[in-house]
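A.B. asks: Turn this into a model:
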Amino acid sequence: MSAMASLPATFTTGTARDSGLHFRDLYRLRDEGELMELSRGVFRKADAAVPTWPDLLAVSMRAPVAIVCCVSAAVVHDLTDEIPREVQIAVPRNRRPPRIDYPPTEVFRFGIESFESGLTEVEAAPGEHVRIYSQERTVVDLMRLRGRLGEPLALSALRRYLRRRDARPGEVLAFAEELGVLGSVRTAVDAVIAE
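C.D. replies: Numbers count the residues shown, from 1 in each chain. Here you go, the predicted structure:
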């Protein structure tokens, strides 16, 4: 099927339609095992390389503006051993939050002015990247949301980050200042460094 050959490894129903693949054929290919459905309307070719982060890939296809954040970002950056029950993503406050049932997703609404601060990417599958916050931004987000996500998680991630050779505490403090939590983050950084 030439339409199938022109599609990327991971694609949406809309992309398939634009390539000339009818939705009936799409679901037939899924039922025959040539496609895997990662989420509603998100498909991956069965013969494509196995993704490292399939849930993040699926969610990013459904919500391309969203950025992987908090515990989900901490897992990717190896800042925690905790396994989140939901993929955590951030969207700007002025955008309607996406409703994604599978994979389970938790949406945070972050301020527009700092929404893309600390934005980076991770390769979720070979050649396919997902928007994610940097290690430093993730540490600060965990600290500022510690009332919701848990103080032990936030402090553990901060401790783990600061013990790395490539740690940049100054950058953590710069994000903390930008996000309005400099006092509490500085106190926590000083306490961890003093340990």
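A.B. asks: neighbours around Phe23, how many?
C.D. replies: Number of residues near Phe23 (other C-beta atoms under 10 Å) recorded here: 11. To be clear about C-beta, it is placed using only N, CA and C from the backbone, and glycine gets the same treatment.
A.B. asks: mind listing what Ser72 touches?
C.D. replies: 56, 84, 87-89 (C-beta atoms under 8 Å, 6 or more residues apart in numbering).
A.B. asks: If we use 7 Å, what do you get?
C.D. replies: Contact analysis of Ser72 by C-beta atoms under 7 Å, 6 or more residues apart in numbering lists 56, 84, 87-88.
A.B. asks: repeat for Arg17
C.D. replies: Residues in contact with Arg17 (C-beta under 7 Å, 6+ apart) are Phe23.
A.B. asks: From Ile100, how far off is it?
C.D. replies: Distance of Arg17 to Ile100, computed by C-beta to C-beta, to the nearest Å: 20 Å.
A.B. asks: next one: Val71
C.D. replies: Distance of Val71 to Ile100, given as C-beta to C-beta: 16 Å.
A.B. asks: Who has more neighbours out of those two?
C.D. replies: More crowded of Val71 and Ile100, by other C-beta under 10 Å: Val71, with 26 against 21.
A.B. asks: Can you name the residues bridging to the residue nearest the centre of the chain?
C.D. replies: The residue lying closest to the centre of the chain (C-alpha atoms, centre = their mean) is Val68, at 2.1 Å. Note on Val68: beta-bridge partners by DSSP bridges are Ile89, Ile132.
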